[in-house]
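*Asks:* Mind looking at a prediction? Sequence and model below.
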Amino acid sequence: MTNRTPRTLLICLTLSALALGPLDASADEAAASAHAQKGQVAYDVQNWEVAAKEFEAAYQADQKPEYLWSLAQVHRLRGDCRTAIRTYKAFQRTEVTPNQANTAEMMVTKCEAEIAKQEAKEAQAEAAATAQQRSEPQAPASPPPPPPEATEAPEETSDGLGAGWFITGVGLTLALGATATWSGLDVRAQRTDYEENPTRDRYLAGKDDEQRTNILFGATAVAAVGTGLIAIFTDWSGEPASREQGLRLRPGVATDGGALLLTGAF
C-alpha cells in the first residue's frame, strides 16, 4: 500500500498538467477571439484606431495569420501605408498559402503607389507655395544715401611733353638715317658702274641720286636735333607738374618780330 501511493500521485499530477495545457490554449484562443470580434465591430464602423488596437491584441494572444491580415488592412485604410506594408510582409512570413502571399504582395504594391502619390502631391504643393512666395511683390528697398559731396580738386596739367613724342622722334631719326645710308651705298655702286662704262645717262642718274642722298642726310640731322630738343622738354616723371615749375616752349612776340620763347623754372 505504501509503495503504490507515490506512483498514484505522480499519475494524477501528470494528468493534471495535461489537462491544464489545453485549458490555457483554449483561454488564449478565447481571448484572441474576443479581441478579434471587437476589432471587427470597430472595423465595420470605420473606427480604425480601436480596430487596430483590438486586432493587435488578438494576434498577441493567438498568432493566427488572419489577425495579422486584418491588422494590415486597418493600417492601410487609416492611411498609414508604411505600417501597413510592414504588417503585410509579416503576414507573408507566416504559414500562408501562395495565393494569400500573392494577395499580400499586391496590397504592398498598392500601398507603395499610394505613398508615391502622396509624396508627389506634397512636392507639388511645396513648389506651388514657393512660386507664390516668389511672385508676391517685395517691398521696395530704401535707396542708398547719396555720397557726400566731394570738393573737386583743381585739374593739374603737365607743362612737359609726353614720352611718346621722344619715342616718335627717335623712330623717325632712325628711319631717315637708314634710308640715307641705303641711298649712299646706292650712289657708290652707281659711281663704280659709271667708272667702268661712263655714259651721260649714268652720270645724270648718279647726280640725282647723290642729291637725294644729301637731302636724306640733312633730314636725318634735322630729325636728330629735333629729337634732342624733345628729350629736353619731355616730362620723364610721368606725373603732372605744377604751373610754377617746368620748362615750356611757346610762341611769343619780341621787339623785332616773332620768337620762340623758353619759359619756366627749374
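*Replies:* It's in. Residues are numbered from 1 along each chain as shown.
*Asks:* Grab the nearest non-local neighbour of Gly169.
*Replies:* Computed as Cβ to Cβ, 6 or more residues apart in numbering, the closest residue to Gly169 that is not its neighbour in sequence is Thr227, at 3.4 Å. All C-beta atoms are positioned from the backbone trio N, CA, C, and that covers glycine.
*Asks:* quick one: that neighbour from Thr168, how far?
*Replies:* As defined by Cβ to Cβ, to the nearest Å, Thr227 lies at a distance of 9 Å from Thr168.
*Asks:* And those two? Which one has more around it.
*Replies:* Thr227 (19 against 13; other Cβ atoms under 10 Å).
*Asks:* Quick one: residues contacting the closest residue to Pro65 other than its chain neighbours.
*Replies:* Taking Cβ to Cβ, 6+ apart, and ignoring the residues beside it in sequence, Pro65 has Thr94 as its nearest neighbour in space, at 4.3 Å. If you count contacts by Cβ atoms under 8 Å, 6 or more residues apart in numbering, Thr94 has them with Gln63, Pro65, Leu68.
*Asks:* Which one (most neighbours) among those residues?
*Replies:* Neighbour count (other Cβ under 10 Å) singles out Leu68 as the most crowded of these, with 23 neighbours.
*Asks:* how about that residue, secondary structure?
*Replies:* On the three-state scheme (DSSP: H, G, I helix; E, B strand; the rest coil), Leu68 is labelled helix.
*Asks:* for Gly95, helix, strand, or coil?
*Replies:* In this structure residue 95 is Glu, not Gly. coil.
*Asks:* now it: how far from Ala34?
*Replies:* Applying Cβ to Cβ, the value for Glu95 to Ala34 is 23 Å.
*Asks:* And the two? Which one has more around it.
*Replies:* Neighbour totals were compared for Glu95 and Ala34, and Ala34 leads with 14 against 8 (other Cβ under 10 Å).
*Asks:* That one and Tyr43, how far apart?
*Replies:* To Tyr43, Ala34 is 15 Å away according to Cβ to Cβ.
*Asks:* again with Glu49
*Replies:* Relative to Tyr43, Glu49 is positioned 11 Å away (Cβ to Cβ).
*Asks:* The two: which is more packed in?
*Replies:* Between Glu49 and Tyr43, counting by other Cβ under 10 Å, Tyr43 is the more crowded of the two (20 against 10).
*Asks:* what's near enough to touch that one?
*Replies:* Residues in contact with Tyr43, defined by Cβ under 8 Å, 6+ apart, are Ala51, Ser70, Gln73, Val74.
*Asks:* again, only using 7 Å
*Replies:* Listed by Cβ atoms under 7 Å, 6 or more residues apart in numbering, the contact set of Tyr43 reads Ala51, Val74.
*Asks:* which stretch of helix or strand covers it?
*Replies:* With secondary structure defined by DSSP states H and E, Tyr43 is part of helix 4-44.
*Asks:* what about the strands in the stretch 101-250 of the chain?
*Replies:* 246-254 (DSSP state E, counting those that start in this stretch).
*Asks:* wait, Arg212 sits on Ser183?
*Replies:* Yes. Contact status for Arg212 versus Ser183: in contact at 5.6 Å, counting by Cβ atoms under 7 Å.
*Asks:* Can I get the contacts of Thr94 in TSV including distance to Tyr203 and pLDDT?
*Replies:* Supplementary listing: the contacts of Thr94 in TSV, determined by distance: Cβ to Cβ, whole Å; pLDDT from 0 to 100:
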residue	distance to Tyr203	pLDDT
Gln63	137	93
Pro65	134	95
Leu68	131	95
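*Asks:* Overlap of the contact sets of Arg212 and Ser183?
*Replies:* Contact with both Arg212 and Ser183 is made by no residue, according to Cβ under 7 Å, 6+ apart.
*Asks:* More neighbours: which of these two?
*Replies:* Ser183 (19 against 16).
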